[in-house]
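>>> here is my input; please provide its structure:
(chains A and B)
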Amino acid sequence: AAGVIQSPRHLIKEKRETATLKCYPIPRHDTVYWYQQGPGQDPQFLISFYEKMQSDKGSIPDRFSAQQFSDYHSELNMSSLELGDSALYFCASSVQGFTTNYGYTFGSGTRLTVV
Amino acid sequence: GNSVTQMEGPVTLSEEAFLTINCTYTATGYPSLFWYVQYPGEGLQLLLKATKADDKGSNKGFEATYRKETTSFHLEKGSVQVSDSAVYFCALGRSSNTGKLIFGQGTTLQVKP
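Residues are numbered from 1 along each chain as shown, chains lettered A, B, ... in the order given. Predicted coordinates for the structure are as follows:
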């Protein structure tokens, strides 16, 4: 079965650079979520999109922005990178209205290292 | 606000031992509860879930029962294997919002042969 695809798997950037992370949800899933997991930490919700509109916002820095495109894939854009942005970034997808009954499916994550 | 608290790890067990990882939550209303597992270097995988009080979620020998009276969702397995070594996250999801999950801090399980 198709899963949530994230790219790239690993990314190394320097401070103050920009990074773009991509997420391709499971086909027919209309909702995408982004989470950030620091080393040894639990995943923290950043932002979510439903039908290409932002549906919820968590602890996402102003330096970050995200969007969902017409094909439902999503991109997380991160600017002015800081060392503290080094983390594993997960994308997850679901069908709106079914999340609380079925949970949702996570991708394998993008490991961002800022040096 | 909503929150999830898990027992601190790491939990170290011998193979075939009984496992319990405690999870308690704070929430208004009637959330759904989940356990996710994260193997080294991998993403989060849904292990099991329960959507209402007294529901029991089960998968791969793991079980957890939604206890509203004690606001708990403890994870149990009767006989762990080395391959169960991973980080386990308890999570809470509200029934009426956009699907955001709130995670506990994770509990590392190490199973020794």
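>>> show me what from chain A comes close to chain B.
Applying the criterion C-beta under 8 Å from any C-beta of the partner chain, the portion of chain A that neighbours chain B consists of A:4, A:31, A:33, A:41-45, A:48, A:50, A:55-56, A:58, A:90, A:92, A:94, A:96, A:99-109. (Each C-beta comes from the backbone N, C-alpha and C, glycine too.)
>>> buried only: go through the residues you listed for me.
Buried subset of these (neighbour count, 16 or more other C-beta atoms under 10 Å in any protein chain shown): A:4, A:31, A:33, A:42-45, A:48, A:50, A:55-56, A:90, A:92, A:94, A:99-100, A:103-109.
>>> which residues touch the residue in chain B that chain A sits nearest to?
The nearest approach of chain B to chain A comes at residue B:99, 3.4 Å away (C-beta to the nearest C-beta). With contacts taken as C-beta atoms under 8 Å, 6 or more residues apart in numbering or on different chains, residue B:99 has the following neighbours: A:31, A:33, A:48, A:56, A:94, A:96, A:99, A:100, A:104, B:93.
>>> wait, which of the residues you listed is closest to residue B:11?
Proximity of those to residue B:11 was ranked by C-beta to C-beta; the top entry is residue B:93 with 24.5 Å.
>>> what's around the closest one, how many residues?
If you count neighbours by other C-beta atoms under 10 Å in any protein chain shown, residue B:93 ends up with 23.
>>> how about the lowest-mean-pLDDT helix or strand in chain B and chain A, touching?
Within chain B, judged by mean pLDDT, DSSP states H and E, the helix or strand with the poorest mean is strand B:101-103; its value is a mean of 90. Yes. With C-beta under 8 Å from any C-beta as the threshold, strand B:101-103 lies in contact with chain A, specifically through B:101, B:102, B:103.
>>> highest neighbour count among these?
Using other C-beta under 10 Å as the neighbour test, the residues of strand B:101-103 next to chain A are led by residue B:101, with 25 neighbours.
>>> circling back: can you flag which of the contacts of residue B:99 belong to strands?
A:31, A:33, A:48, A:56, A:94, B:93 (DSSP state E).
>>> so among the contacts of residue B:99, where is pLDDT lowest?
Per-residue confidence over these reaches its minimum at residue A:100, where pLDDT is 58.
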